[in-house]
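>>> Got a predicted model here, sequence first, then my questions.
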Amino acid sequence: MKHTLTIEGMSCGHCVRAVEEALGALHGVRVASVEMGRAVVETDANDVTAAALRNAVEEEGYTVTSAETGH
């Protein structure tokens, strides 16, 4: 499953790494590609919900303004 998150509050490489590590630490995440303001996450089937991805990002202090899920 592919999830695309739009993220506010990221301003530097440290922000990108923090979000990438937070998403990558979730069980079921295969790939987390993060750039300033956006993350594309590939997960195993239904192991990870969009809400779990959103929570991981928001726990790092950033705001998820939209989350799209596709196949």
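Looks like it arrived, so ask away.
>>> which helices and strands sit right next to the longest helix seen in the chain?
Across the chain, the longest stretch assigned as helix under DSSP state H is helix 13-24. Under the contact criterion of 3 or more C-beta pairs under 8 Å, 6 or more residues apart in numbering; DSSP states H and E, helix 13-24 touches strand 29-35, strand 38-43, helix 50-59. Placement of C-beta: from N, CA and C, glycine included.
>>> Output the last one as PDB, nothing but the C-alphas.
Taking Å, rounded to 0.1, in the frame of the first residue of the first chain, the C-alpha atoms of helix 50-59 are listed here in PDB:
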ATOM      1  CA  ALA A  50      -2.800   6.300   7.700                       C
ATOM      2  CA  ALA A  51      -3.600   7.400  11.200                       C
ATOM      3  CA  ALA A  52      -0.500   5.600  12.500                       C
ATOM      4  CA  LEU A  53       1.700   7.400   9.900                       C
ATOM      5  CA  ARG A  54       0.100  10.700  10.800                       C
ATOM      6  CA  ASN A  55       0.700  10.100  14.600                       C
ATOM      7  CA  ALA A  56       4.300   9.200  14.000                       C
ATOM      8  CA  VAL A  57       4.900  12.400  12.100                       C
ATOM      9  CA  GLU A  58       3.000  14.600  14.600                       C
ATOM     10  CA  GLU A  59       4.900  13.100  17.500                       C
END
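>>> Just the angle for it relative to strand 38-43, thanks.
130 degrees (axes from the mean of the first three to the mean of the last three C-alpha atoms, to 10 degrees).
>>> Name the residues of helix 50-59 that are buried.
Within helix 50-59, the residues that count as buried by 16 or more other C-beta atoms under 10 Å are Ala50, Ala52, Leu53, Arg54, Ala56, Val57.
>>> Out of the residues you listed, flag the one nearest to Met10.
Of all the buried residues of helix 50-59, Met10 sits closest to Val57, with 9.4 Å by C-beta to C-beta.
>>> Excluding covalently adjacent residues, which one is nearest to Glu8?
Thr63 (4.4 Å; C-beta to C-beta, 6 or more residues apart in numbering).
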